[in-house]
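Peer 1: my questions are about this predicted structure, shown below with the sequence.
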Amino acid sequence: MLNQTILKVLHDAGQYFHTYSGSTFVVLLDQVSKAQTSSIAKDIALLCALNIKIILIAPSHPIGQPFVIRSDEELEQLLVKTQVTQRKAEVLLNQAFYQYQINSAIVSSSAVTTKPYGIHNGIDYGYFGKARNIKKELLNHILESASCLIIPTFGFAPTGETFIMDGLEMAEKIASSLQCQKLMILTEHDKLPREMNATQAKVLSQDDNLPIHIRSLIKNSIPAIEHGVERIHLLNKATEGELIIELLTRDGIGSMITNEPYDEIKPAELTDIQALKALMQPLEDDGTLKKRSIQELEKDIHNFYLMFRDNSLIGAVAYYPYPEEKTAELASLIVHPDYRKGKKANQLMQFVEHKAHENGFDSIFLLTTQTAHWFMGNGFKEAKISDLPKDKLAVYDYTRNSKVFFKHIV
Ligand SMILES: CC(C)(COP(=O)(O)OP(=O)(O)OC[C@H]1O[C@@H](n2cnc3c(N)ncnc32)[C@H](O)[C@@H]1OP(=O)(O)O)[C@@H](O)C(=O)NCCC(=O)NCCS
């Protein structure tokens, strides 16, 4: 049993090896302890062994907010602290690289030219700086031969002065400038959605119920998505192996901000019936979906949820709850042909899962004749017809001979 579980995890992870190979991810550590850094270093070493390049930023000071650095002494203390933190991370990484027998280099380099953050609301932030230029060519050149690049959170101005920088600004600017696939922030958070796009994340960053630090992290990392980074992951630094679980398992573990456009899912109304029928018709004609008349649709419309982009219907799903059996049917999952292969069906499926979860159900199920493999790839397992809720079983159409699939929800 244990062997089977291990095999399944490895097989699931296998699909990501190829996807991520050759990619560059920026990993930002938000005030992590030595034990946490040690665990993260092992994750990073494993990712590097899979031919993923990591840019690591490990600031010694809090991220996501500017702070005043008045005197030369204060600056010097911070520079020493920054270098000590970075050196400790480097030592732990070297140990992990040695353990995995990775011969590729870990290199440390400054990455930015800086300028003063300046005076805001009458407060002079002194030696706190912000990015003026990212040394893109230099960083790309280093990454050609190194697996892991550690970047300190300070930079030099052309005038010769040194400025301390915000780790988050540094991470966002580097990820954007190098067009990295991912920006991964190891912090401490709770109850963030599993997935949101930049528009939803902006709304969340104004939610007073969230800790101000998390709001600031979300708000200040979103520009990375706007500048072409595909995903921002907010991860819990306290969970061992969080980086690996997030990247190499299908369901992940953290919270992800994506570059997907905002597609609204809302309950269907009677006025949507013509558009819904037009979306369903070709699939009814080829037998993928059961035929329904306009009258049947009218009766059923309150069970449908529709996905719109710019007021055009691009997807649909129906939700039928069976409270007695603590389950719900997902039906009529459709994505408009022009929008397929963009994980829209996944969003609709997650919407249904979320509804079932809100209703206190343990599972969702569906009947399908032609789409079994898509559902199997998305966590559904084949079940027996007799596993259906009794009211559904009573109307099961044996002439369609649909297969039954269930998915347990947490
Ligand atoms: C199945 C469907 C909802 C998927 O929508 P989507 O937003 O494109 O889904 P995703 O982006 O998550 O997945 C796309 C992948 O699913 C695959 N896929 C599509 N239909 C499939 C099927 N019937 N069986 C297996 N895989 C299928 C695509 O080939 C694509 O694979 P790739 O990523 O390897 O290229 C969409 O293809 C559709 O509307 N199909 C017709 C309606 C239907 O069959 N609904 C189910 C009724 S029970």
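Peer 2: Great, that's in hand.

Peer 1: going forward, measure contacts between C-alpha atoms and count neighbours the same way
Peer 2: OK.

Peer 1: just the element for the closest residue in space to residue 250 that isn't next to it in sequence, please.
Peer 2: Spatial nearest neighbour of residue 250, chain neighbours left out: residue 12 (7.0 Å); criterion: C-alpha to C-alpha, 6 or more residues apart in numbering. Following DSSP states H and E, one finds residue 12 within helix 2-20.

Peer 1: contacts for that helix, please.
Peer 2: Helix 2-20 is contacted from outside by 50-52, 247-250, using C-alpha atoms under 8 Å, 6 or more residues apart in numbering.

Peer 1: make JSON lines from these and add neighbour count to it.
Peer 2: Formatted as JSON lines, the contacts of helix 2-20 follow (neighbours: other C-alpha atoms under 10 Å):
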{"residue": "50", "neighbour count": "16"}
{"residue": "51", "neighbour count": "17"}
{"residue": "52", "neighbour count": "20"}
{"residue": "247", "neighbour count": "18"}
{"residue": "248", "neighbour count": "21"}
{"residue": "249", "neighbour count": "17"}
{"residue": "250", "neighbour count": "16"}
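
Peer 1: counting only strands, which of those make the cut?
Peer 2: For these, not one is inside strands, with DSSP state E as the criterion.

Peer 1: which one of these is nearest the ligand?
Peer 2: Nearest to the ligand out of the contacts of helix 2-20 is residue 250 (C-alpha to the nearest ligand atom; 12.2 Å).

Peer 1: any figure for the gap between residue 338 and the ligand?
Peer 2: Per C-alpha to the nearest ligand atom, to the nearest Å, residue 338 is found 9 Å from the ligand.

Peer 1: contact residues of the stretch 151-300 of the chain facing the ligand?
Peer 2: residue 288 (C-alpha under 6 Å from any ligand atom).

Peer 1: so which two of the contacts of helix 2-20 are the farthest from each other?
Peer 2: Farthest pair in the contacts of helix 2-20 (C-alpha to C-alpha) is 51 and 250. Separation: 19.7 Å.

Peer 1: picking that back up, distance-wise, check the residue nearest to residue 250 relative to residue 245.
Peer 2: For residue 12, the distance to residue 245 equals 11 Å [C-alpha to C-alpha, to the nearest Å].

Peer 1: these two: which is more packed in?
Peer 2: residue 245 (18 against 14; other C-alpha atoms under 10 Å).

Peer 1: distance of the residue nearest to the more buried one when sequence neighbours are not counted from the ligand?
Peer 2: Excluding the flanking residues, the one nearest residue 245 by C-alpha to C-alpha, 6+ apart is residue 252, at 5.8 Å. Separation of residue 252 from the ligand (C-alpha to the nearest ligand atom): 16 Å.

Peer 1: got it, and residue 43?
Peer 2: Taking C-alpha to the nearest ligand atom, one finds residue 43 at 27 Å from the ligand.

Peer 1: and if you look at residue 238?
Peer 2: With C-alpha to the nearest ligand atom as the criterion, residue 238 and the ligand are 31 Å apart.

Peer 1: same check on residue 22?
Peer 2: Applying C-alpha to the nearest ligand atom to residue 22 and the ligand gives a distance of 20 Å.
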